[in-house]
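# 3D, please:
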Amino acid sequence: MHTYYSEDATTTPEEVIHYAKKQGLDGVAVTDHNTVAGALKLIGKSELVIVPGLEIETLHGHVLALNVKTNIAPKLSLVETVEKIHDMGGIAVAAHPTVVLKTRLGLNITAGSNFDAVEVINSTSLPFFFITRMNRRLAERLKLPQTAGSDAHHAAEIGNAFTLVDSYPNSDSVAEAIRRGETIPHGKPITWAKRLQRGAFYLKREIMEDYSSKSSI
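As a prediction, the model looks like this:
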């Protein structure tokens, strides 16, 4: 999930805690775009397990770095990005690899990419069930563990998808459980009402950015 440290998200750290507890989650993986700032802000703020990380934009698509507390430069190659994640002791998860309306990894994922897991369920995927099926096939072909994530950019989306892990309640144990494949992904798509809210937010942001650029000329 994302916090307002991602430019396209609005969730505050306080909302992360509130909505995660409301949904009955034991923890959250906070993966803002190209920054660990949101995750670090939340560590130690509640009894929730906070798995720190970030969603990195590579030259070939997006990669989730889990259980890392240091930023990793964007726009690197896929292989180099995964290597850096592993050097930091984290795990690399292929983010929404076959999704249509996001920056995706697609066929760039091979056994040589050295991923630790594949995100097979992403609540924002559209068409949800088709994309989920394609992601599962990819994970099965590569013989990699499967995870699920809400990819929440707004607080009410938290918990639409989640991963059951067999681990102790700390980020190191969660990461190791994912690496071992002791995971069960669950989830459902976000509602159309939430999709419309997302669309309105992105449209408003684009209008404001366009207005700002014209005003500075």
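
# shouldn't residue 85 be within a strand?
No - the assignment for residue 85 by DSSP: H, G, I helix; E, B strand; the rest coil gives helix, which leaves it out of any strand.

# tell me who's in contact with residue 152.
By CB atoms under 8 Å, 6 or more residues apart in numbering, the residues touching residue 152 are 1-2, 9, 11, 123, 158-160. Where you see a C-beta, it was placed from the backbone N, CA and C, and this is true even at glycine.

# looking at the residues you listed, which is nearest residue 30?
residue 1 (6.2 Å; CB to CB).

# that older thread, I'd like the contacts of residue 152 as CSV, with neighbour count, distance to residue 72 and pLDDT appended.
CSV is the format used below for the contacts of residue 152 (neighbours: other CB atoms under 10 Å; distance: CB to CB, whole Å; pLDDT from 0 to 100):
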residue, neighbour count, distance to residue 72, pLDDT
1, 29, 19, 97
2, 25, 16, 98
9, 21, 19, 94
11, 25, 22, 97
123, 24, 25, 96
158, 26, 24, 97
159, 20, 27, 97
160, 24, 27, 97
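
# what is the nearest of these to residue 80?
Distances from residue 80 to the contacts of residue 152, taken by CB to CB, are shortest for residue 2, at 23.7 Å.

# once you drop chain neighbours, what's closest to the closest one?
Leaving aside its chain neighbours, residue 2 sits nearest to residue 9 (3.9 Å; criterion: CB to CB, 6 or more residues apart in numbering).

# give the contact list for the one you found.
For residue 9, the contacting residues are 2-3, 32, 152-154, taking CB under 8 Å, 6+ apart as the criterion.

# which of those residues sit farthest apart?
32 and 154 (13.6 Å).

# quick one: low-confidence residue ranges for this protein.
Within the chain, the stretches with pLDDT under 70 are 100-104, 106-108, 202-217.

# strands of that one, residue ranges please.
Listed in chain order, the strands of the chain (DSSP state E) span residues 27-33, 49-58, 61-66, 91-94, 117-122, 146-149, 161-165, 183-187.

# no further queries at this time; thank you.
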